[in-house]
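K.L.:
Predicted model follows, preceded by the sequence.
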Amino acid sequence: MLTDPSKKYRSFKPVHLRDRTWPDAVITKAPIWLSTDLRDGNQALIEPMNQARKLRMFEQLVKIGFKEIEVGFPSASETEFGFLRHLIDNNLIPDDVTVQVLTPAREALIRRTFESLKGAKRAIVHFYHAVAPVMRRVVFDMTQDQVIEELAIKHATLIKELAAQNPGTDWRFEYSPEMFSGTELEFSKRAVDAVVEAIGATKERPVIINLPSTVEHSTPNIFADMIEWMHRNVAKREAIILSVHPHNDRGTGTAAGEFAVMAGADRVEGCLFGSGERTGNVDVVNIALNLYSQGINPGLDFSNIDEIRQCAEYCTQLPVHPRHPYVGDLVYTSFSGSHQDAIKKAFSARKEGDIWEMPYLPLDPMDLGRSYEAVIRVNSQSGKGGIAYLMEAEHGAVLPRRLQIEFSGVVQEVTDASGKEVTAADLWTIFQREYLETAPYSYVSHHLIEDSTREIVELNTEVQDGNNKQKISGQGNGPIDAFVTALQKLSNQKITVMDYHEHAIGAGADAKAITYVELRVDGGKPLFGVGMDSNIVTASLKAILCGLNRSTRASAPKSAAA
Ligand SMILES: CC(=O)SCCNC(=O)CCNC(=O)[C@H](O)C(C)(C)COP(=O)(O)OP(=O)(O)OC[C@H]1O[C@@H](n2cnc3c(N)ncnc32)[C@H](O)[C@@H]1OP(=O)(O)O
Ligand SMILES: CC(C)C(=O)C(=O)O
């Protein structure tokens, strides 16, 4: 890299628009959308789509709700031409959808384009030529006047004539001064005004004027200034549908598109998930869902976003990044503990019909057909909140707060050792290993004797102690108290029950009780025992045995415990 890049690169020029209004504008409705997946997206693929892939993409775009779809560049190849013929000849274009095709401002290619459209009910013919100084100088070797006369007016006139010769089609026209973002504004205006005049656009039959950032050269506020300047200065604004076509070279295509709408654009051209030349066209899904998350119906349906992603990946043969806005595999997932804790609490506080106010989740993944399954995933960055969320959401176990803290320490040891994520299924395995292990003591049977005239119960139990079965009995003010009395005699340790929680887990005939008891054994550190059984008393007895087993394991020398 250069120590002084100014020797090689120019900075972009600000637009002198002191009374700009766009920064205060608020977007309140969706723009008109045009998908150019089948054209600008397609021309940037390592392997352009064949007919089958194009058709699949077309059907998907229709299903999403695009009403204007640029289906190709018919003069470029037989595949492109043939695809359009296939759509028209097989009547595959729905009545509320208009296909658009692109042609350069070159006579032979325009004529070929009109041939490809024979018999279409409706069509938008989109023609372009570059306007930027570098292209005028290096590629065309033309003056500004020559570009206006020989590229803009000449080809707009030809297009109008060819359309008039085919009155069976409802024609609309689009003009792109290509490289608008790298062109003097006054010259872009001259080209646009000339085309609007040559086409004969009116308020009733407006022309689409599409202003591209063919290459994104500047910060998005400059692009917005350029759009507002055009919006205010073109000669016949009322005869124009003002469209933008942002690219993403600086990574700000979405901002440029949104600012452009604030600055007066009526229409946005882009691709699904930002497919397209180099860093891509603007991502229309991104802009549409940004609107949706502000409470504005985007007029496009992404309620099965994964199906749409699969289709895009199949057609483009390119993957969508796991962190891609709204659609990536990881975009609704929190790994970090404090995020998980906040999400868990916000889900618990949330009531049906509430406004979406969810920390770290700008949009409800359910609205896009995603589940909550991946919202919280656990690795070494996770804390008790996330673990507790998964234990409850995936396994129905509502861990008491102090058990959450204890169990998160157990999980942390595992994630620290492996450095890997643990899944919800792994969590259950770790939980079982830690809390549902049955050594050295395990439950065999019990017989509870209750007498309603006395406040004391008697419990006779059989407990497996290593290789031996032991019959033990105790009395107490309830089965837990009675069992603790009996167990103290067997283990020769003082057991204090400090806390107790219980709830049902599962449903119907498979329902069980899960019991969590917090114990202190022989004055040691408090720890939890967990028991699960279809009988609630048995679940409690198992929980106490679990606590005693864990205390025994904790106090055993490390090698013996391993
Ligand atoms: C920004 C955009 O995305 S614009 C769309 C770009 N997309 C594509 O180009 C994909 C399809 N293109 C193609 O298949 C071919 O380029 C074709 C069929 C259009 C033309 O092929 P060819 O006739 O072989 O020309 P080639 O591709 O070499 O392009 C050079 C010609 O285009 C002209 N040209 C180049 N850039 C532009 C431009 N931006 N605007 C108008 N004309 C241009 C040149 O002046 C040159 O014309 P010349 O042959 O009279 O000197
Ligand atoms: C043809 C135009 C609209 C284009 O694709 C671009 O400038 O990026």
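P.N.:
Arrived safely, thanks for sending. Keep in mind it's a predicted model, so treat the numbers as computed, not measured. Ligands and ions are numbered 1, 2, ... in the order given.
K.L.:
and the one helix or strand L459 maps to, what other elements does it pack with?
P.N.:
Assigned by DSSP states H and E, L459 falls within strand 457-465. Here strand 457-465 touches strand 441-450, strand 468-476, helix 479-491, going by 3 or more CB pairs under 8 Å, 6 or more residues apart in numbering; DSSP states H and E. Heads up, the C-betas are built off the backbone N, CA and C, glycines and all.
K.L.:
Name the strands paired with it and say parallel or antiparallel.
P.N.:
Strand 457-465 sits in its sheet next to strand 441-450 (antiparallel), strand 468-476 (antiparallel), going by DSSP bridges.
K.L.:
What average pLDDT does it get?
P.N.:
Mean pLDDT, strand 457-465: 95.
K.L.:
any idea of the angle it forms with helix 479-491?
P.N.:
40 degrees (axes from the mean of the first three to the mean of the last three CA atoms, to 10 degrees).
K.L.:
picking that back up, just send the helices and strands packed on strand 457-465 back as TSV, with distance to ligand 1 too.
P.N.:
Compiled in TSV, these are given as follows (distance: least, CB to the nearest ligand atom, whole Å):
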stretch	distance to ligand 1
strand 441-450	72
strand 468-476	82
helix 479-491	75
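K.L.:
of those, which approaches ligand 2 most closely?
P.N.:
Among these, strand 441-450 comes nearest to ligand 2, with 71.4 Å by CB to the nearest ligand atom.
K.L.:
follow-up on the earlier one: comparing the helices and strands packed on strand 457-465, which comes out most buried?
P.N.:
Per-stretch averages of neighbours, counted by mean count of other CB atoms under 10 Å, single out helix 479-491 among those, with a mean of 20.
K.L.:
Tell me which other helices or strands that helix touches.
P.N.:
By 3+ CB pairs under 8 Å, 6+ apart, helix 479-491 packs against strand 441-450, strand 457-465, strand 468-476, strand 495-505, helix 536-555.
K.L.:
Kindly present these as a markdown table, with separate columns for distance to I222.
P.N.:
Listed next are the helices and strands packed on helix 479-491 as a markdown table, based on distance: least, CB to CB, whole Å:
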| stretch | distance to I222 |
| --- | --- |
| strand 441-450 | 73 |
| strand 457-465 | 77 |
| strand 468-476 | 79 |
| strand 495-505 | 59 |
| helix 536-555 | 64 |
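K.L.:
which ones are touching H217?
P.N.:
12, 181-182, 249-250 (CB atoms under 8 Å, 6 or more residues apart in numbering).
K.L.:
buried stuff in stretch 276-286?
P.N.:
276-277, 280-286 (16 or more other CB atoms under 10 Å).
K.L.:
How about stretch 88-105?
P.N.:
88, 93, 97-105.
K.L.:
the helices in the stretch 151-300 of the chain, which residues?
P.N.:
Ranges of helices within the stretch 151-300 of the chain are 154-164, 185-199, 220-233, 253-262, 284-292, based on DSSP state H, counting those that start in this stretch.
K.L.:
Is it possible to get a markdown table of the ones you listed that adds mean pLDDT and distance to V457?
P.N.:
Listed next are those as a markdown table, based on pLDDT from 0 to 100; distance: least, CB to CB, whole Å:
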| stretch | mean pLDDT | distance to V457 |
| --- | --- | --- |
| helix 154-164 | 98 | 95 |
| helix 185-199 | 98 | 90 |
| helix 220-233 | 98 | 74 |
| helix 253-262 | 98 | 68 |
| helix 284-292 | 98 | 60 |
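K.L.:
Make a ChimeraX selection of the buried ones in the contacts of H217.
P.N.:
Remark: buried members of the contacts of H217, expressed as a ChimeraX selection using 16+ other CB under 10 Å:
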select :181,182,249,250
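K.L.:
Among the contacts of H217, find me the one that's closest to ligand 2.
P.N.:
Closest approach between these and ligand 2, by CB to the nearest ligand atom: S181, at 8.6 Å.
K.L.:
for the closest one, what are its contacts?
P.N.:
Per CB under 8 Å, 6+ apart, neighbours of S181: 211-218, 223, 226.
K.L.:
Which ones among those residues also lie next to ligand 1?
P.N.:
Among the contacts of S181, the residues lying close to ligand 1 (CB under 6 Å from any ligand atom) are T214.
K.L.:
among the contacts of S181, who's most crowded?
P.N.:
Compared across those, S213 has the highest neighbour count, 30 neighbours, by other CB atoms under 10 Å.
K.L.:
Can you check the pLDDT for that one?
P.N.:
Note for S213: predicted pLDDT of 98.
K.L.:
Verify the stated contact: it with F259.
P.N.:
No. With contact defined as CB atoms under 8 Å, S213 does not count as touching F259 (11.1 Å).
K.L.:
Give me the common contacts of the two.
P.N.:
Common neighbours of S213 and F259 (CB under 8 Å, 6+ apart) are F223.
K.L.:
how about the strands of the chain, start to end?
P.N.:
With strands called from DSSP state E, the chain shows them at 32-35, 68-72, 98-104, 122-130, 170-178, 207-213, 240-246, 267-270, 441-450, 457-465, 468-476, 495-505, 512-521, 527-533.
K.L.:
what's the first one packed up against?
P.N.:
Secondary-structure packing of strand 32-35 (3+ CB pairs under 8 Å, 6+ apart): strand 68-72, strand 240-246, strand 267-270, helix 284-292.
K.L.:
any idea of the mean pLDDT for the first one?
P.N.:
For strand 68-72, the per-residue pLDDT values average out at 98.
K.L.:
the domain parsing of the chain - what is it?
P.N.:
29-316, 337-368, 384-427, 441-555 (the TED database).
K.L.:
Need the winner for burial among those.
P.N.:
The most buried stretch of the domains of the chain, if neighbours are counted by mean count of other CB under 10 Å, is domain 29-316, with a mean of 20.
K.L.:
starting at the chain centroid, how far to that domain?
P.N.:
25 Å (CA atoms, centre = their mean, to the nearest Å).
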